[in-house]
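1. No letters, just coordinates:
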């Protein structure tokens, strides 16, 4: 099996270069976006403030847009029998007029309006809570293993997952919204599941390290498979089904969430079975040598 | 069937079955409630504007500055202010020191003010900020609650002329208003919305600074009109030319009656002033000259500085006010349907004149019921597809119906338990919560995979004979403790494997749950449902469903 070759064929130090390069690339992507826009990922409307109006309509895009020409329309998209329009900043009075117009002209609009206070508060919350979530996770990991290097490897793998998922948002154009923040937090917790499985199997069982890693891998890949299957069905329903079945509609919160999750889960497979596994091989190999050296 | 008999003796399995049954009963008895984004309606997020601040200032300095005094002395409970030259006796009243005694000397005037030091500070702030200020004595040192938008800087600027400042430190300036004020504001909003006969309204507070209101079945423009506008109510009277002076705030309005229909060709809103309010109103009417020439003196009502009513003082009322204070007044707004509509609005505004704090709409939105219905349907389909996809993955791995079926059933039952808790607690399921349920299916099955693999594949990385005997002894001890009496020898190993699987599961569950904790409070509660579903899902799964699954799969394998 090729996977098993990757685990045991090469010395850990060489393979570890691959995850390092990937983390570096993620940093470059996040850094470049940061210098271009002032934040490491593109901020969605919840963080920048603005108004989102979705109206059901059979008319053409131009016709719908023309009806809202009196307002600062930034973007209009067809999302399956409905048009999603994004508006720039406007006064409260203008917004109320816009809401009235949307309700009068179109049967059942969906409206979301985020003022500057709301978005600023939300930004402050993410800056505060995302690291907090990560720290809580790290504390639990240290409590579970009570061994510095092993815990550190798990935490580093999780960090690599989050970084890769965040960088993938820049690649796919998914913006940071409340939904994607939730997905990133979910990844923080979820990504360590397989790492814990791997480390437990390797540490608590007897046998050759490589065999134990390969044994854990069978379980771990099944786990990843089931979760990816669940998330994938979310992507299909929220993001693609409306293209085939016109009566269905896009659910942007769910679509954004599941896109981030799928990238994070893919990154997790790699980071668990390469980054963490090779890290363990390297760490255990080294300590064995150290023990032998002492005996001599 | 022996398998069922065996299972019915296992406490874990029994507990699991009871909980699932209870969950189904709860769902049937209480039903599931859905959030606004699935039911249709609109929401508003309001910010309470205000701050609490400690203030370092000497009351003497304030009085000196306000009266331009040559000296201020404190004698017991009162302050004696000495002002050079003659002084208009009404000045003290204008500055808010009612009951001050003014005594004119030869070339100076002495004003005696009976007041607590804090009252003087409050007066100064009120006068300069044009807002209510209250003392919060529940904290030490005491803080002044300023019920309008201020910053530390603007406050320091205001205090600079009297040599005062807000002390350094985070405790000295806190954005947001006190708990009591928050609750007062909430109850005013609650009662206002209830009076409008709106069903199913949720008013929630976040952080002492934000109010979140959900209004089912209403569009956002109407919602904003109803809720977003409450603010400070004020009555002013026209003095000369186009000038006007303040008469009363909303707190002087004691009660308001429902508009009674057209009388004398106009709709009117009758309202009653408090005794003090009526006296103040009478004084203002006389002072402004309105009682003499009522047609030149408009009485105006403002809500957040928007004029909501303006009409000249009625001649009959002017006559009565000349003799005595009048408590029962009526605001006439005009005839016909327009008048009726205006009267209705004025009624609401008058009733809510006393909202304690200014609010600002920071976010809002609406979802139509039809769209919510569509979302619900799509999420149910997504859930079923997820369950099928997960089942497919498991079958691909184990190729064994005996494993796939219990696994999928357990995962599904975890969802049932979750929904049962939600029905019992009366919590709302929103779109994000439904996504959370699908995530629970995904992660829940993961843990079942860990258990299954530890049990059936545990033997592959075969433990040494010596180790096995230790395990068997441990298992024997466990058996004596009454953990499992029906198990065969091989299942003693199975018990240890099971406990090993649970160490992994507990670790994984704890990390997932702990990473979700911040979401409980983040985003103005928008993701509380999602976080709660994941945390409780992990908890119920780990404590109830997975132990039972471990047993069930063990029995099935033993029977095999």
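-> Yep, that arrived. Model, not experiment: these values are computed from the prediction. Numbers count the residues shown, from 1 in each chain, chains lettered A, B, ... in the order given.

2. Show the average pLDDT along the helix or strand residue B:157 falls within.
-> When secondary structure is defined using DSSP states H and E, the element that contains residue B:157 is helix B:152-159. Per-region confidence: helix B:152-159 scores 89 on mean pLDDT.

3. which other helices and strands contact the very next helix or strand once past that helix?
-> Reading on from helix B:152-159 to the C-terminus, the next helix or strand found by DSSP H and E is strand B:173-175. Secondary structure elements in contact with strand B:173-175, counted by 3 or more CB pairs under 8 Å, 6 or more residues apart in numbering or on different chains; DSSP states H and E, are strand B:51-53. In this view, the C-beta of every residue, glycine as well, is placed from N, C-alpha and C.

4. contacts for the strand it packs on?
-> If you take CB atoms under 8 Å, 6 or more residues apart in numbering or on different chains as the criterion, strand B:51-53 is touched by B:136, B:139, B:143-146, B:150-152, B:155, B:166, B:172-178.

5. OK, contacts around residue 175?
-> Because you didn't say which chain, this covers chain A. Residues in contact with residue A:175 (CB under 8 Å, 6+ apart) are A:41-45, A:169, A:256.

6. that answer is for a different chain, and I need it for chain B
-> Residues counted as contacts of residue B:175 (CB under 8 Å, 6+ apart) are B:50-51, B:209.

7. neighbours of residue A:124, just the number please.
-> The burial count assigned to residue A:124 is 10, neighbours taken as other CB atoms under 10 Å in any protein chain shown.

8. buried set for the helix or strand hosting it?
-> Assigned by DSSP H and E, residue A:124 belongs to helix A:116-145. Using 16 or more other CB atoms under 10 Å in any protein chain shown as the test for burial, helix A:116-145 gives A:117-119, A:121-123, A:125-126, A:129-130, A:132-134, A:136-138, A:140-142, A:144-145.

9. Check which helices and strands that helix sits against.
-> Helix A:116-145 packs on helix A:45-48, helix A:148-172, helix A:178-204, strand B:359-367, helix B:490-516, going by 3+ CB pairs under 8 Å, 6+ apart.

10. For the contacts of residue B:175, pick the one with the most neighbours.
-> Among the contacts of residue B:175, residue B:50 has more neighbours than the rest - 29 neighbours, counting by other CB under 10 Å.

11. any idea how far residue A:250 is from residue A:102?
-> 18 Å (CB to CB, to the nearest Å).

12. Looking only at neighbour counts, state which of the two leads.
-> residue A:102 (25 against 21).

13. so which helix or strand takes in the more buried one?
-> Residue A:102 is located in helix A:92-105, with elements delineated by DSSP H and E.

14. Show me how far that helix is from its chain's centre.
-> When distances are taken as CA atoms, centre = their mean, to the nearest Å, helix A:92-105 is centred 35 Å away from the chain's centroid.

15. and the closest residue to chain B within chain A, how many neighbours?
-> When distances are taken as CB to the nearest CB, chain A approaches chain B most closely through residue A:108, which lies 2.8 Å from it. Applying the criterion other CB under 10 Å, we find 20 residues in the vicinity of residue A:108.

16. what about stretch B:213-233, how long is it end to end?
-> By CA to CA, to the nearest Å, the extent of stretch B:213-233 from end to end equals 22 Å.

17. same question, stretch B:224-235
-> For stretch B:224-235, the first and last residues are 24 Å from each other (CA to CA).

18. Please apply the same query to stretch B:139-155.
-> The straight-line separation of the ends of stretch B:139-155 (CA to CA) is 20 Å.

19. check contacts around residue B:447.
-> With contact taken as CB under 8 Å, 6+ apart, residue B:447 is in contact with B:505, B:508-509, B:541-542, B:546.

20. repeat for residue B:240
-> For residue B:240, the set of contacting residues under the criterion of CB under 8 Å, 6+ apart consists of residue B:289.

21. measure the closest residue to chain A within the stretch 151-300 of chain B to residue B:308 for me?
-> The nearest approach of the stretch 151-300 of chain B to chain A comes at residue B:221, 4.1 Å away (CB to the nearest CB). Here residue B:221 is placed at a distance of 19 Å from residue B:308 (CB to CB).

22. low-confidence ranges in the stretch 51-200 of chain B?
-> When residues are selected by pLDDT under 70, those of the stretch 51-200 of chain B lie in B:89-90, B:93-94, B:96, B:98-99, B:130, B:188, B:191-192, B:194-200.

23. which stretches of the stretch 1-150 of chain B form helices?
-> Counting by DSSP state H, counting those that start in this stretch, the stretch 1-150 of chain B has these helices, from start to end: B:2-9, B:11-30, B:36-39, B:59-67, B:90-94, B:117-129.

24. Relative to chain A, tell me which of those helices wins on proximity.
-> Comparing the helices of the stretch 1-150 of chain B under CB to the nearest CB, the one sitting nearest is helix B:36-39, at 8.6 Å.

25. Any idea how far the helix or strand harbouring residue B:394 is from the middle of the chain?
-> Here residue B:394 sits within helix B:369-398, counting by DSSP H and E. Chain-centre distance of helix B:369-398: 33 Å, with CA atoms, centre = their mean.

26. go on, stretch B:362-374?
-> 20 Å.

27. Please apply the same query to stretch B:282-293.
-> On the basis of CA atoms, centre = their mean, stretch B:282-293 sits 44 Å off its chain's mean C-alpha point.

28. now swap in stretch B:270-283 and tell me
-> In this view, stretch B:270-283 has its centroid 34 Å away from the chain centroid, taken as CA atoms, centre = their mean.

29. List the buried residues in it.
-> Counting neighbours by 16+ other CB under 10 Å, stretch B:270-283 gives B:270-274, B:277-278, B:280-282 as buried.

30. before we move on, what about stretch B:292-310?
-> For stretch B:292-310, burial by neighbour count (16+ other CB under 10 Å) applies to B:294, B:297-303, B:308-309.

31. Could you export those residues as JSON lines, including pLDDT?
-> As requested, the buried residues of stretch B:292-310 are exported to JSON lines (pLDDT from 0 to 100):
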{"residue": "B:294", "pLDDT": "80"}
{"residue": "B:297", "pLDDT": "83"}
{"residue": "B:298", "pLDDT": "84"}
{"residue": "B:299", "pLDDT": "85"}
{"residue": "B:300", "pLDDT": "85"}
{"residue": "B:301", "pLDDT": "84"}
{"residue": "B:302", "pLDDT": "81"}
{"residue": "B:303", "pLDDT": "68"}
{"residue": "B:308", "pLDDT": "76"}
{"residue": "B:309", "pLDDT": "82"}
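
32. Could you tell me which of these are located in helices?
-> Members of the buried residues of stretch B:292-310 lying in helices (criterion: DSSP state H): none.

33. quick one: which two of those are the most distant?
-> Largest separation among the buried residues of stretch B:292-310 by CB to CB: B:294 and B:303, giving 23.8 Å.

34. Residue B:526 - nearest residue in space that isn't next to it in sequence?
-> Nearest non-adjacent residue to residue B:526, counting by CB to CB, 6 or more residues apart in numbering or on different chains: residue A:178, 5.4 Å away.
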